[in-house]
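*Asks:* after the sequence you'll find the predicted model.
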Amino acid sequence: MHIGELAPMHRERVAEILSATRAFRPDELEVALELFDEGVGDGGWGVSSGDGPLPIPHPPLPSSDYLFLGAFTPEEELVGYACYGATPGTDRTFDLYWIAVDPEAHGAGIGTLLLREVERRLEGYHARMLVVETSSRSDYGPTRAFYERRGYNQAARVREFYAPGDDRIIFTKRFHLPNGQGA
């Protein structure tokens with residue numbers, strides 16, 4: 001498994017992965033693909049090789065608000081992806097907008113691999129914080145546990161945000177910055 005950049009040719013596979021999770025409503029799928037269309041192809045983080053991502057110690061900020069990474073099998077099949085970006089109007093805060101893994105590949109550590117690479121790249125930007133939001137629905141229990149196991153803390157809960165009985169739960173993870181800049 002390796003992490004690499006996504007290209008326009010991956011759009012259909014991203015749609016398949018999102019649909020296969022059965023976690024997203026049609027309008028959410030539409031938004032995810034709109035973000036893909038806006039973010040992929042604009043360039044952003046450089047390129048990767050078949051051996052994994054190239055190190056990017058202090059890259060310039062990307063040109064797109066939405067950045068994408070894909071998890072690929074040795075046969076170059078896309079099995080998961082992440083979408084994230086800088087939060088406008090903040091000092092080095094970023095949002096993780098989407099992370100999805102093909103259900104047939106669940107349990108193989110692909111989500112963890114994607115999240116770690118997002119975090120690694122954000123550290124190159126001296127990010128202070130990564131913000132993740134998710135649902136309070138019971139079918140999102142494994143998602144919430146996924147973030148908690150990886151050091152994310154629940155920072156807020158907005159009651160009935162998505163729908164009656166469906167709260168928005170916001171998780172954050174703060175990064176340790178060099179030279180005492182604080183998180």
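*Replies:* Everything's here; your move.
*Asks:* show me where pLDDT drops low in the chain?
*Replies:* Applying pLDDT under 70 to the chain flags the ranges 41-64, 177-183.
*Asks:* which strand in it runs the most residues?
*Replies:* Across the chain, the strand with the greatest residue count (assigned by DSSP state E) is strand 153-163.
*Asks:* in terms of helices and strands, where is the residue nearest the centre of the chain?
*Replies:* Nearest to the geometric centre of the chain sits residue 82, at 3.5 Å (Cα atoms, centre = their mean). Using DSSP states H and E, residue 82 maps to strand 78-86.
*Asks:* likewise for residue 19?
*Replies:* Assessed by DSSP H and E, residue 19 sits inside helix 11-21.
*Asks:* which parts of that helix are buried?
*Replies:* Buried residues in helix 11-21, counted by 16 or more other Cβ atoms under 10 Å: 13, 14, 17, 18. C-beta: built from backbone N, CA, C; applies to glycine.
*Asks:* by contact count, what packs against that helix?
*Replies:* When contacts are defined as 3 or more Cβ pairs under 8 Å, 6 or more residues apart in numbering; DSSP states H and E, helix 11-21 sits against helix 26-39, strand 78-86, strand 93-101.
*Asks:* quickly list what residue 157 is bridged to.
*Replies:* Residue 157 forms beta bridges with residue 169, as assigned by DSSP bridges.
*Asks:* how much space between it and residue 99?
*Replies:* With distances taken as Cβ to Cβ, to the nearest Å, residue 157 is found 20 Å from residue 99.
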